[in-house]
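Asker: whatever this is, show me its structure:
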Amino acid sequence: MAARSSLMAWHIHGCFGRQCQKRLGLVAVTAVASVGMTFFATADDPRAIDVQRMIERQVAFGEFAAAINAAGTVDDLKERANLLGMIANAQLKAGDASAARGTTRQMDQSQRPQAAGQQARQQALSGGVMADFQSLMTLIETETSGPWMNSGGEGGTMTEYQNGVAVSPNGLLASLKKEEHTGRLKALGVAARKADLNAEVAQQADLRFVSLTQLEREASKRLTEGRPIVETMKNLAGITQIRYVVVEPKSRDVLIGGPSEAWRYDSNGNPVGIKSGRPTLQLDDLVTVLRTFSNDGPQNFGCSFNPRQEGLQQLQAFVEKSESRGPLDSSAVKGWVNQLQSKLGPQDIELWGVPRDSRVARVVTEADYRLKMIGIGKLEGGPHVPSIFELLTVKEQKSSKLDALRWWLTMKYDAILHSPDHNVFEIQGPSVQCLSENQYLTEKGERVGTGQADATNRAFAANFTQHYAELAQRDIAFADLQNVFDLALVAALLKNEGVANRIGWEFGSFAPQGMYEPATYAAPREVESVANHHVYRGKDIVVQVAGGVRGDLLSVVRDRDVMKSSTTLKDMTVQAVPSNLPQGRWWWDAK
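Answerer: Residues are numbered from 1 along each chain as shown. Okay, here's the model as predicted:
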């Protein structure tokens, strides 16, 4: 696994022209599902109007199960379908495509297309939050006619992703222009909303504990009874970072603890803390990584954007041929760079250790993409994380060699303290770092690692690591990766410490074959190469092409320099486990 390529950046230098155009079309990204909100269903019957108003209130507060039950009381199939369509749109907006699919299945099949159309027709009548009815239409088409139904001769539907990305039926990533995306959101009137929280869970807490065993039991109970997983469970009671892991052998319990707060949904449907703006930890991600680090699991996970060898060979031959022809006319620069992209061709998106259609896969591929775009200057990294172009020395700007700059994201913790009995663990330090390496290309287009990084390459990686907290504040994709690594560290700790055997808990519905099913998303499989270039002193062009994330958390918990004993943690269980919890309560705040 160590030989995987992770984040790659091709670094081509040469003297090919005097001027060049600054903008190149982006052709590669990775992100998360774009969804819409609600419109008003219509009903002429006064009782139906009352039901509609009640459902609108329930939907506004995320009470989807109650709203679905209310819609079921409407006898008219057309009106019921309109109401269910409104609920499904709200579930899409909340990021729960799985629940939205379940809601659309409750519509009479003959009424499903009409329901989506009604949403669109009512757009002008909506006095509040509007809907992306195309997302609902796509969902209904999928549920009615099977996946990737041919729509209007286009060859298939497109599953939209938030943050400006679309995934086509064949798994090809394509970017949406930022200005188009922003304009669409404004036009739709998508607004943030508060989550439906009771007074207790909405309270901010410096340290909130979640019992994983109690949570699993309550989730299993709901699934067995055919009830949905509630919002509080999905967001792990609003915890935004893991600081403690507690094993309680007497009560056969496992706890995670960290700061928590009430959350809202941003304009892209991401649940974020009302005060901090950080994303909440996700139950879907926890279940995914628990399965990754189970006894029969792969024990690590990650992604890489890998250029194909034949593309690298074509790229190298093209560059050598261009150099033999001498300087390139300035009017031909754009076409030359586009040919570089074309010669390199598509890159394969390699994912391992987690399901390709999981949210964890979505998070790591998006973080990979954004690292790549920041590195080549296509995405702003902030004042402290300049692109590789801005870091090149004069000597490097003049170089004509063809080499590869490899960057990848992995985990980094200052320390994991544990009590002498290994029942309490405290996680210290940041969770993500950027690493780098220089590689070179053979005549056959093969990449050969050097095991070293030059000063400029190291500087970019060091800046990225040092200012990762700022990047996470600017971009939720990087904060999400921190959360995924924290949850994966918990899973690796449970594995390494043999907790399942110690407390007799085999993860129940969260186990690999358990009944809990995390939401699934369109799975990208390849991405077109993307290039950027700068001109130095009127003649030198530098072109970059890039692509990784690696989560080997077992190596962290087995590192003696990281895992350290601490006697100050021995009394933590007294604070962590209260004695007066009501039946079925799976979270609480430390006093």
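
Asker: where exactly do the strands run in the stretch 451-591 of the chain?
Answerer: Assigned by DSSP state E, counting those that start in this stretch, the strands in the stretch 451-591 of the chain fall at 526-528, 532-536, 540-545, 549-551, 563-565, 587-589.

Asker: check these for me: which has the lowest mean pLDDT.
Answerer: Among the strands of the stretch 451-591 of the chain, strand 540-545 carries the lowest mean pLDDT, a mean of 56.

Asker: tell me who's in contact with N423.
Answerer: Residues touching N423, when contacts are defined by C-beta atoms under 8 Å, 6 or more residues apart in numbering, comprise V246, V247, E248, P249, T573. (Each C-beta comes from the backbone N, C-alpha and C, glycine too.)

Asker: and the pLDDT for the third one?
Answerer: What it means is E248. As summarised for this prediction, E248 has a pLDDT of 87.

Asker: on that earlier part again, may I ask which two of the contacts of N423 are separated the most?
Answerer: For the contacts of N423, the farthest-apart pair by C-beta to C-beta is V246 and P249; their separation is 10.7 Å.

Asker: who has more neighbours out of these two?
Answerer: Regarding V246 and P249, a neighbour count based on other C-beta atoms under 10 Å identifies V246 as having more, with 22 against 13.

Asker: am I right that the more buried one sits in a helix?
Answerer: No. Membership of V246 in a helix is not supported by DSSP: H, G, I helix; E, B strand; the rest coil, which gives strand.

Asker: from what I can see it touches G257, true?
Answerer: Yes. The pair V246 / G257 is scored as a contact, 6.8 Å apart, by C-beta atoms under 8 Å.

Asker: after the least confident helix or strand in the chain by mean pLDDT, next one along is what?
Answerer: None of the helices or strands of the chain scores lower by mean pLDDT, DSSP states H and E than strand 32-33, at a mean of 23. On the C-terminal side of strand 32-33, the nearest following helix or strand under DSSP states H and E is helix 46-60.

Asker: quick one, what contacts the residue nearest to Q466 when sequence neighbours are not counted?
Answerer: In space, Q466 comes closest to H384 once its chain neighbours are excluded; the distance is 7.4 Å by C-beta to C-beta, 6 or more residues apart in numbering. Contacts here follow C-beta under 8 Å, 6+ apart; on that basis H384 touches N463, Q466, H467, E470.

Asker: quick one: the third one and P386 touch, right?
Answerer: This means H467. No. In this structure, H467 is not within contact of P386 by C-beta under 8 Å, at 10.5 Å.

Asker: picking up where we left off before, and the contacts of H384, which of them are buried?
Answerer: If you count burial by 16 or more other C-beta atoms under 10 Å, the buried members of these come out as N463, H467.

Asker: for the residue nearest to Q466, pull up the helix or strand it's in.
Answerer: Secondary-structure element containing H384, defined by DSSP H and E: none, the residue being outside all helices and strands.

Asker: still on that earlier bit, Throw the contacts of H384 into a markdown table and include pLDDT and distance to Q433, thanks.
Answerer: Written out in a markdown table, the entries for these read as follows (pLDDT from 0 to 100; distance: C-beta to C-beta, whole Å):
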| residue | pLDDT | distance to Q433 |
| --- | --- | --- |
| N463 | 94 | 11 |
| Q466 | 93 | 9 |
| H467 | 95 | 11 |
| E470 | 95 | 14 |
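
Asker: and the contacts of H384, which two are the farthest apart?
Answerer: Pairwise distances across the contacts of H384 peak at 10.3 Å for N463 and E470 (criterion: C-beta to C-beta).

Asker: overlap in contacts, those two.
Answerer: With contacts taken as C-beta under 8 Å, 6+ apart, N463 and E470 have H384, V385 as neighbours in common.

Asker: check whether S304 really touches D368, as I assumed.
Answerer: Yes. S304 sits in contact with D368 when judged by C-beta under 8 Å, with a separation of 7.4 Å.

Asker: neighbour count winner among these two?
Answerer: Each of S304 and D368 had its neighbours counted (other C-beta under 10 Å), and the higher figure belongs to D368 (30 against 24).

Asker: torsion angles phi and psi at the more buried one?
Answerer: The main-chain torsion angles of D368 are listed as degrees, to the nearest 10 and equal phi -60, psi -50.

Asker: how close does it get to A491?
Answerer: To A491, D368 is 21 Å away according to C-beta to C-beta, to the nearest Å.

Asker: over to N82?
Answerer: Relative to A491, N82 is positioned 43 Å away (criterion: C-beta to C-beta).

Asker: same question, R291
Answerer: When C-beta to C-beta is the yardstick, R291 and A491 sit 8 Å from each other.

Asker: now swap in W586 and tell me
Answerer: Counting by C-beta to C-beta, the gap between W586 and A491 amounts to 18 Å.

Asker: so where's the stretch 1-150 of the chain uncertain?
Answerer: Per-residue confidence of the stretch 1-150 of the chain (counting by pLDDT under 70) places the weak regions at 1-49, 61, 93-98, 109-150.

Asker: my bad, should have said the stretch 451-591 of the chain
Answerer: Low-confidence regions of the stretch 451-591 of the chain, defined by pLDDT under 70, span residues 451-453, 535-581.

Asker: average model confidence for stretch 220-232?
Answerer: The average pLDDT within stretch 220-232 is 93.

Asker: swap in stretch 378-391?
Answerer: pLDDT averaged over stretch 378-391 gives 88.

Asker: regarding that stretch, how distant is the last residue from the first?
Answerer: Between the opening and closing residues of stretch 378-391 we find a distance of 15 Å, counting by C-alpha to C-alpha, to the nearest Å.

Asker: mind listing what's buried along that stretch?
Answerer: Those buried within stretch 378-391 under the rule 16+ other C-beta under 10 Å are K378, L379, G381, V385, P386, S387, I388, F389, L391.

Asker: tell me which of these fall in helices.
Answerer: Of those, the ones assigned to helices by DSSP state H are I388, F389, L391.

Asker: can I get the residues you listed in a markdown table with distance to A219?
Answerer: Putting these into a markdown table (distance: C-beta to C-beta, whole Å) gives the following:
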| residue | distance to A219 |
| --- | --- |
| I388 | 45 |
| F389 | 49 |
| L391 | 48 |
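
Asker: just those now: which is nearest A479?
Answerer: I388 (23.5 Å).

Asker: relative to A367, how far out is the closest one?
Answerer: When I388 is compared with A367 (using C-beta to C-beta), they lie 18 Å apart.

Asker: then H533?
Answerer: 25 Å.

Asker: the more surrounded of these two?
Answerer: The neighbour comparison of H533 against A367 (other C-beta under 10 Å) goes to A367, with 27 against 24.

Asker: verify the stated contact: the more buried one with A479.
Answerer: No. Assessed by C-beta under 8 Å, A367 is found out of contact with A479, at 9.7 Å.
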